[in-house]
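*Asks:* build the 3D model from these lines:
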Amino acid sequence: MRRGGYSGVVLDLEDQARGDTAILVAAIRSIGGAARRAGATTVAVAIPAADTAAYPTRIFFPAADAAVVMLYDEHWSTSAPGPIATPDWVRRTLAQRVADVGADRLIAALPLYGYLWRGAQAGEPLGFTDARRAASQANVELSRDPSSISLHALEPGVWELWMTDAELLRVLVDQVTGLGVRRIALWRLGQEDPDVWRVLRP
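*Replies:* Below you'll find the model as predicted:
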């Protein structure tokens with residue numbers, strides 16, 4: 001904290017089980033306390049959007065100052081192909097967290113990336129430029145799926161991809177702010193559609 005001059009820390013402790021909650025909170029309290037003594041003004045904990053069994057929202061407070069709700073991987077690398085984050089799923093999962101602790105304690109983390117699945121192999125994360133290149137090289141259309149607002153392309157029998165772009169991000173931001181959550185995080189920078197910065201401009 002001191003060497004980097006950081007003002008805060010995000011603890012991303014994944015793959016927890018329901019029985020791990022007590023030790024998880026103890027770890028956050030211990031690491032967060034050390035971070036505060038080193039100058040941190042904010043200690044946040046990243047939590048999966050939909051896993052309220054292993055990550056019940058209320059248990060993280062007051063050990064943490066905020067929870068970063070990871071509103072992505074509705075479909076993940078080892079799942080069947082599908083959208084990374086649909087507006088309905090984002091609204092539904094975030095609404096449950098808001099009902100638990102209120103909007104002011106939450107940070108909504110939204111995706112900037114996509115996945116490309118090849119047959120039975122795990123999906124490969126890819127950025128916006130990669131998605132456009134893959135579609136162009138396969139001579140297939142990268143088009144908007146109307147039900148999820150996501151970009152989608154398919155080379156039959158070879159691969160399928162789903163991608164986030166500025167239009168989807170705009171819709172997701174509307175869902176988040178409609179629930180009263182005003183702080184937004186992005187995962188991950190460097191993979192985004194360049195137009196997302198126009199969406200996020202105050």
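*Asks:* the strands in the protein, which residues?
*Replies:* 8-11, 42-48, 66-70, 106-111, 114-117, 124-126, 143-144, 151-155, 159-163, 183-187 (DSSP state E).
*Asks:* which residue is the nearest non-sequential neighbour of Ala27?
*Replies:* Leaving out its chain neighbours, the residue that sits closest to Ala27 by C-beta to C-beta, 6 or more residues apart in numbering is Leu13, at 6.7 Å. Yep, even glycine has a C-beta here, placed from its N, CA and C like the rest.
*Asks:* tell me the pLDDT at the one you found?
*Replies:* Reading off the confidence values, Leu13 has pLDDT 94.
*Asks:* run a quick neighbour tally on Asp193.
*Replies:* Close neighbours of Asp193, defined as other C-beta atoms under 10 Å, add up to 22.
*Asks:* I'd guessed it sits against Leu142; true?
*Replies:* No. Counting by C-beta atoms under 8 Å, Asp193 stays clear of Leu142, with 11.2 Å between them.
*Asks:* please go through the chain and pick out the longest helix.
*Replies:* The residue-count maximum for a helix in the chain (DSSP state H) belongs to helix 21-37.
*Asks:* buried stuff in that one?
*Replies:* Residues of helix 21-37 classed as buried: Thr21, Leu24, Val25, Ala27, Ile28, Ile31, Gly32, Ala35, Arg36 (neighbour count, 16 or more other C-beta atoms under 10 Å).
*Asks:* repeat that for stretch 6-19.
*Replies:* Buried residues in stretch 6-19, counted by 16+ other C-beta under 10 Å: Val9, Leu11, Gln16.
*Asks:* between those, which sits nearest Arg91?
*Replies:* Gln16 (24.7 Å; C-beta to C-beta).
*Asks:* hmm, back to that, tell me the one of the buried residues of stretch 6-19 nearest Arg201?
*Replies:* The shortest approach to Arg201 among these belongs to Val9, at 27.4 Å (C-beta to C-beta).
*Asks:* much appreciated, bye for now.
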